[in-house]
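*Asks:* Predicted model, plus sequence, below.
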Amino acid sequence: MGCRDNRLKYNCGNQKQNARCTFYEGDLPEFSELEDCITIEETTEEIYETIQEVKYSIDLSELGTDCIDFSEYKKDKVLKVSEAFLAVENAFCDLKEIKQSSNRFDISKIDFKCLVDPCNNTIDTQEKLMQLIINAICELKNQS
């Protein structure tokens, strides 16, 4: 096809204009490091460098080899960041649900009978209860 056809970019005049000779007059993003008399060549290079950094920083190719299976969330060949976050969020929610429901009981419904905290602190967690039971067992063991 070559450089001469009916597309607009090839019909801007008789002479080709090099990107380093064409000034950019638009707005620049805040992250741009370009200043004064900016050319299209400079903006294009900066855009490509930024895209390369972004692509590198969101590379997820190493994911999916440990404990989270991303395959059910991956719609295409390449795992997207949003798909990875969805898989992690769902795994986190599953763990949270398991933690909240696993072997948890309402400690306020337990009759502690003779089991009391030596400092008269309220026994309001499973951890406190378990520690009191362990302490009581150790005291019994030391008495025998």
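*Replies:* It's in. Residues are numbered from 1 along each chain as shown.

*Asks:* quick one: contacts of stretch 89-104?
*Replies:* By CB atoms under 8 Å, 6 or more residues apart in numbering, the residues outside stretch 89-104 that reach it are Cys67, Ile68, Gln126. (Each C-beta comes from the backbone N, C-alpha and C, glycine too.)

*Asks:* and Ala87, how many neighbours?
*Replies:* 20 (other CB atoms under 10 Å).

*Asks:* hang on, it is in a helix, isn't it?
*Replies:* Yes. Assessed with DSSP: H, G, I helix; E, B strand; the rest coil, Ala87 lies in a helix.

*Asks:* Three-state assignment for the closest residue to it other than its chain neighbours, please.
*Replies:* Excluding the flanking residues, the one nearest Ala87 by CB to CB, 6 or more residues apart in numbering is Tyr73, at 4.4 Å. Using three-state DSSP, the three-state assignment for Tyr73 comes out as coil.

*Asks:* Kindly list the main-chain dihedrals of Tyr73?
*Replies:* Tyr73 adopts backbone torsions of phi -100, psi -20, taken as degrees, to the nearest 10.

*Asks:* In stretch 68-84, which residues are buried?
*Replies:* Phe70, Tyr73, Lys74, Leu79, Glu83, Ala84 (16 or more other CB atoms under 10 Å).

*Asks:* Isn't the second one up against Val81?
*Replies:* No. Between Tyr73 and Val81 no contact is recorded; they are 11.2 Å apart, counting by CB atoms under 8 Å.

*Asks:* following the strand or helix carrying Glu97, which helix or strand comes up?
*Replies:* Using DSSP states H and E, Glu97 sits within helix 81-101. Where DSSP H and E defines the elements, the next helix or strand beyond helix 81-101 is helix 126-143.

*Asks:* any idea how far the residue most central in space within the chain is from Asn18?
*Replies:* When CA atoms, centre = their mean is applied to the chain, the residue found nearest the centroid is Phe85 (5.5 Å). Distance of Phe85 to Asn18, given as CB to CB, to the nearest Å: 43 Å.
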